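*Asks:* Here is a sequence together with a model predicted from it:
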Protein chains: 2
Amino acid sequence: MRTLEKESGTTVLRQTTEYQPPRSWRTWLIGRPLRTADAPNQAIGKAVGLAVFASDALSSTAYATDEILFVLAAAGAVAFVYALPIALAIVALLTIVTLSYEQTIHAYPDGGGAYIVARDNLGEFPAQMAGGALLTDYILTVAVSVASGVAQLTSAYPSLSPYRVLLSVGLVLLMMLVNLRGVRESGAILAIPSYFFLAMMLLTVGSGFMQYVTGSLGTVEHPPHLGREPLMRSVTLFLLLHAFSNGTTALTGVEAISNGVTAFKEPRSRNAGITLIWMSAILGTLFLGITFLAGRIAATPSESETLISQLARTTYDGRGLMYLITIAATTLILTMAANTAFAGFPRLSALLAADGFLPRQLTYRGSRLVYSRGIVALALIASLLIALFQASVNALIPLYAIGVFLSFTLSQAGMAHRWWKTGRLSAGQEAHERSSVLRHDPRWAFKMVINGLGSVCTAMVMLIFAVTKFHDGAWIVILLIPILVAMFSAIHYHYRDLAARLSLEQYGGPARISRQRVILAVSGVHRGTLTALRYARTLSDDITAVHICIDQNEVESLRSKWESWGDGVRLVVLDSPYRLLLEPLLGYIEQIAAQRQPNEIITIIVPQFVPRRWWHNFLHTQTAMWLRLMLLFKPGIVITDVPYQIE
Amino acid sequence: MRTLEKESGTTVLRQTTEYQPPRSWRTWLIGRPLRTADAPNQAIGKAVGLAVFASDALSSTAYATDEILFVLAAAGAVAFVYALPIALAIVALLTIVTLSYEQTIHAYPDGGGAYIVARDNLGEFPAQMAGGALLTDYILTVAVSVASGVAQLTSAYPSLSPYRVLLSVGLVLLMMLVNLRGVRESGAILAIPSYFFLAMMLLTVGSGFMQYVTGSLGTVEHPPHLGREPLMRSVTLFLLLHAFSNGTTALTGVEAISNGVTAFKEPRSRNAGITLIWMSAILGTLFLGITFLAGRIAATPSESETLISQLARTTYDGRGLMYLITIAATTLILTMAANTAFAGFPRLSALLAADGFLPRQLTYRGSRLVYSRGIVALALIASLLIALFQASVNALIPLYAIGVFLSFTLSQAGMAHRWWKTGRLSAGQEAHERSSVLRHDPRWAFKMVINGLGSVCTAMVMLIFAVTKFHDGAWIVILLIPILVAMFSAIHYHYRDLAARLSLEQYGGPARISRQRVILAVSGVHRGTLTALRYARTLSDDITAVHICIDQNEVESLRSKWESWGDGVRLVVLDSPYRLLLEPLLGYIEQIAAQRQPNEIITIIVPQFVPRRWWHNFLHTQTAMWLRLMLLFKPGIVITDVPYQIE
């Protein structure tokens, strides 16, 4: 396929190269390469959508109650009665956030993650904050979900406990491979784990509740040791707020649907909105149910056994088949939750990179059409985090959810500002934003209040978070997000600055070159040198060969050889008393460059023989390479490698 | 200083650049750079010479007796009576080797290490064997001497025992630094440790002997546990030979003087010869004395306490000041012995490299005029060995001394062959070898017998070695030396082959270039591209700009920009459906190269913008670098980087 176009004197040829990457171990590992045109495009309904996007949110019920009890345990088991009221407060917060996000889904039918909403409505700086917060939390989603999944496993099989870091990191790397291969996020097969978990949890909580009603519900047999010794006598407000903020991890993942509106069937906003409300209802019910039953069965928060495990073995009378199925379902959904971060992190970092806030390489889609570099980066950082925190959910939790709530706050604030803007438009008038269209909405004031309330509530929660969990590790995130924002700005500045300096606007074109001076680096007189000399001849008549002399005994032989082979070209021998090779040559070049005329260019020709085998390179000083690296920084100099292949 | 010479039409300019390396952390660590002309040249007398060259040989008395007893312990303490007869046999061997080397010193007044003697008299293959054997043994000298020095320390201070690997490696790295700084091997200050050790040993052995004569010599109090449990009932010939071969480590270092003849004052051969005989006499006396007294005081070989320590605390009645001084002297001389390897290894590897058996880089003298790369290589390999063998002298010994004896054998065989050659010359006739002059010697037959005897004896010892210590680790060295020889040959072949292929003999000069085709890689149209295009214009009128298209949306904008700025140059857009950048470009270049005329050359111009800060490079795909690396291997292609510095 060739198109030939000739316009205004310039020939433009277009050619499709069918060049495929060769089969290699990569093909075996992640599958055959895909064409750009092969990108999938498939819409899903509400039932599948619920399963696909809910795994992150629903899976938080597997650890949120544990984390409330962990904090309350500081005041002794007697404080556990506060768990249910705290859970109710969290469900109230969930309701507000859900209503708030339902509005976002309708306003951004093309997907309205916190970064996009903040960028459109609040400006660059809040958008960068949202971006930094979300990236941090995607990493923590992987670390926390995988650690919690492995904790379920080690609850069932305590002998696996010493290997939990290894198991967790192995799971993360497996997920990396699966995602490099490219999972269809919208594939119906991904719905199975979510519904499996949902069914098992409804069964467990339901039968627990039935036993409670009929009075046959017992308490946990052989409860695990309490994670920590009681430290204080009385329940303080600080303790309750701390427990509350730990529990709000239940809300993580609620925003997932608003990112993925495009995956739904038309009318997509409506379908996505209904799915969101369903998801929140299920999440709230499960969370309340688990917290309620945890109190009835006198469950104990512990690093060695999760609450789900205690609940399951109490309702199912021991570690039988039903118990194991429940644990398997929980582990599976936690893994799926980590997997959603593997979809979100690379996509967000590609978005940030496309806006010039992260290295451009992150926008590159690998052979399987996924943002492979983002996937690998996420896996490596999450693995590091898991190793540092020894795969302890309880140790990771203080870092978690601050980012989520910061992005909630920014996103809702952006939406509130957006409604205010639409309120100022008259009916029928339209205004265009980068990612959506503003239309007058008669209910703008009501909607602004909903989103405003969401924003204020989540901001308050974030503050409570920052204060109560500061010492436990939240300070890391509070420090990290500004650092990320500073990094985004530095990168953005670099790209913008570079674009301006490379821009052709108001550029007169480079000055004409009227003269070339050629410097030929000569280490010895051999065929490679002569090949380079011959090339130099095609460039200019003003050629100087330069030799750096370290061993005095070699000069005479070099000179006589040059006299017979040097074609009359001037040879400069530089004595180097300190046995340095590059520096004297660079000094000489600088000396020549200082005398350079404005329309004169200096070409440095470096003869480079290319050995037949790669290991031969170890047998030669790679002078040419170093010279090139050091010369790159000198203006008005062009570096030419004349390779001479040894056949 | 400029010399201008014009001969047969070629101008040769000679210029001395006073370019000095800048001051940096290196200056602080190893001192200011030295000029090539600053190389020291200082001759030493017999007294200093003895001290300088004897440390390696004399220090072996610190572990040789231990190693004999270690083997005999397998048959129980009763077998220790065989130690003295074995030591006598070793001293007899020492006598033969000494006489043999005395002849070498006179024949090679410019230094006659085993490598040089083998190369001159036996040919390339034996020389390579000698080289491999010596390199191996230099490494082991460092490992064994340092490990033994640290073992002396931990005998005095057992609490240091857990840190012996750390101490040993630290000592090796310290020695590396000292040698990178450059010690004058001939400095009189280096004589102090040797004479200090000599004095302390003569005092210890002397007073032990006096106590024995007067009957007041006791036995070791609280002897350490025997290193190993007795395994067999009776003393076998194998056991005795094994003990003998372990004891011959006493002979390591005897060859040192023959390497360093040039350091002596004139008449240097005579002075060096006398020094050798003195050294051997002292070595033999000390070794016999220590072994004799070890039997009298009922010393036990052990990893936790050295024999020198047991002897010293028995003669000096406990761990008093005299004991500590003796231990300090022993540790010091062992460190000095390791230091001789730091002089020998880099010098030998530079010699091998100059002959093309090792990478040429090893001949390069660093800023302090020492073969810095060899020094660093030795330190790293020896540290690794110490770490692998947990700094255990007893574990390292089986690897040691095989190399020394192989080089003894080859060196003496070479000398014997040399005498045979001189015997065939008539009186007054001379023949020239690479490193010495052959003259008729009336006593050639006698000398041939001496060297021949030395060669046969050391060959036998080597065989005994290989058999008795094979299982303990000698197999490693028996495997390693042929591998080294194979490596030397492969490297040598590469250099010779390369020289032949680069040689100008029977070379008609490269074909003329009558036409240049230029391919300009274009990632986008910006100032850097235009600068490169302007340069391309100076090379040829046949220019093709090539753009690899990954994102279809960018093509239109690129085309229109090229139409206004491309100066009428043809643009080829290659669609890359698999999003590969380099491969389609390489494929296109290959396609063009296939149509290449014989006297046509293809220049690939790669515009490369150079960011202001190094970390900016992480924000750009380094396409130019990868392209260059892949293009190097294609013949008939020249690669030109046109840098565009962002100021």
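*Replies:* Looks like it arrived, so ask away.

*Asks:* looking at this, A:Leu69 is in a strand?
*Replies:* No - with DSSP: H, G, I helix; E, B strand; the rest coil as the criterion, A:Leu69 is helix rather than part of a strand.

*Asks:* and the stretch 351-500 of chain A, which residues reach chain B?
*Replies:* Listed as neighbours of chain B in the stretch 351-500 of chain A under the rule CB under 8 Å from any CB of the partner chain: A:Pro359, A:Arg360, A:Gln361, A:Tyr364, A:Arg365, A:Gly366, A:Ser367, A:Ile491, A:His494, A:Tyr495, A:Asp497, A:Leu498. Quick note: C-beta positions are derived from backbone N, CA and C, even for glycine.

*Asks:* and those as TSV, adding neighbour count?
*Replies:* Shown next, in TSV, are those (neighbours: other CB atoms under 10 Å in any protein chain shown):
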residue	neighbour count
A:Pro359	20
A:Arg360	15
A:Gln361	16
A:Tyr364	17
A:Arg365	19
A:Gly366	21
A:Ser367	21
A:Ile491	21
A:His494	20
A:Tyr495	19
A:Asp497	14
A:Leu498	20
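
*Asks:* ok, which pair from those residues is furthest apart?
*Replies:* A:Ser367 and A:Asp497 (32.6 Å; CB to CB).

*Asks:* Name the nearest residue to the residue minimising distance to the centre of chain A, ignoring sequence neighbours.
*Replies:* With distances taken as CA atoms, centre = their mean, the residue of chain A nearest its centroid is A:Phe345 (3.8 Å). The shortest distance from A:Phe345 to any non-neighbouring residue, by CB to CB, 6 or more residues apart in numbering or on different chains, is to A:Tyr138 (3.9 Å).

*Asks:* any idea how far stretch A:508-521 is from the chain center?
*Replies:* With CA atoms, centre = their mean, to the nearest Å as the basis, stretch A:508-521 stands 45 Å off its chain's centre.

*Asks:* Touching stretch A:370-382 from outside, list them.
*Replies:* For stretch A:370-382, the surrounding residues in contact (CB atoms under 8 Å, 6 or more residues apart in numbering or on different chains) are A:138-139, A:142-143, A:146, A:172-173, A:175-176, A:179-180, A:182, A:341-342, A:345-347, A:349-350, A:361-366.

*Asks:* List the buried residues in it.
*Replies:* A:Val370, A:Tyr371, A:Ser372, A:Arg373, A:Gly374, A:Ile375, A:Ala377, A:Leu378, A:Ala379, A:Ile381, A:Ala382 (16 or more other CB atoms under 10 Å in any protein chain shown).

*Asks:* again, but for stretch A:110-118
*Replies:* Within stretch A:110-118, judged by 16+ other CB under 10 Å, the buried ones are A:Gly111, A:Gly112, A:Gly113, A:Ala114, A:Tyr115, A:Ile116, A:Val117, A:Ala118.

*Asks:* Just the pLDDT at the first one, thanks.
*Replies:* The per-residue pLDDT reported for A:Gly111 equals 79.

*Asks:* and which of the residues of the stretch 351-500 of chain A next to chain B is nearest to chain B?
*Replies:* A:Pro359 (4.7 Å; CB to the nearest CB).

*Asks:* Am I right that the closest one is in contact with A:Ala350?
*Replies:* No - applying CB atoms under 8 Å, one finds A:Pro359 not in contact with A:Ala350, separated by 10.7 Å.

*Asks:* now the stretch 101-250 of chain A, which segments are flagged as low pLDDT?
*Replies:* The stretch 101-250 of chain A contains residues with pLDDT under 70 at A:183-188, A:227-233.

*Asks:* Equivalent analysis for chain A, please.
*Replies:* Within chain A, the ranges that satisfy pLDDT under 70 run A:1-9, A:18-21, A:40-42, A:183-188, A:227-233, A:647.

*Asks:* can you give me the strands in it?
*Replies:* Ranges of strands in chain A, per DSSP state E, are A:2-7, A:10-16, A:430-432, A:437-439, A:515-521, A:543-549, A:570-575, A:600-610, A:637-645.

*Asks:* Save the ones you listed as a markdown table, and put in distance to B:Leu580 too.
*Replies:* Below are these laid out as a markdown table (distance: least, CB to CB, whole Å):
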| stretch | distance to B:Leu580 |
| --- | --- |
| strand A:2-7 | 20 |
| strand A:10-16 | 13 |
| strand A:430-432 | 36 |
| strand A:437-439 | 38 |
| strand A:515-521 | 34 |
| strand A:543-549 | 38 |
| strand A:570-575 | 43 |
| strand A:600-610 | 23 |
| strand A:637-645 | 23 |
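
*Asks:* Mind putting these into a markdown table with mean neighbour count?
*Replies:* What follows is the strands of chain A, written out as a markdown table (neighbours: other CB under 10 Å):
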| stretch | mean neighbour count |
| --- | --- |
| strand A:2-7 | 10 |
| strand A:10-16 | 17 |
| strand A:430-432 | 10 |
| strand A:437-439 | 14 |
| strand A:515-521 | 21 |
| strand A:543-549 | 22 |
| strand A:570-575 | 19 |
| strand A:600-610 | 22 |
| strand A:637-645 | 23 |
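
*Asks:* quick one: which of the ones you listed is nearest B:Ser269?
*Replies:* strand A:543-549 (34.9 Å).

*Asks:* Name every strand pairing with the closest one and say which way it goes.
*Replies:* strand A:515-521 (parallel), strand A:570-575 (parallel) (DSSP bridges).

*Asks:* could you redo these as TSV and give each row distance to A:Leu399?
*Replies:* Converted to TSV, those look like this (distance: least, CB to CB, whole Å):
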stretch	distance to A:Leu399
strand A:515-521	54
strand A:570-575	58
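
*Asks:* Bridging across strands, which residues link to A:Ile637?
*Replies:* Beta-bridge pairing of A:Ile637 under DSSP bridges involves A:Ile602.

*Asks:* Was I right to think it contacts A:Val606?
*Replies:* No - assessed by CB under 8 Å, A:Ile637 is found out of contact with A:Val606, at 11.8 Å.

*Asks:* Distance check, A:Glu505 against chain B.
*Replies:* Separation of A:Glu505 from chain B (CB to the nearest CB, to the nearest Å): 10 Å.
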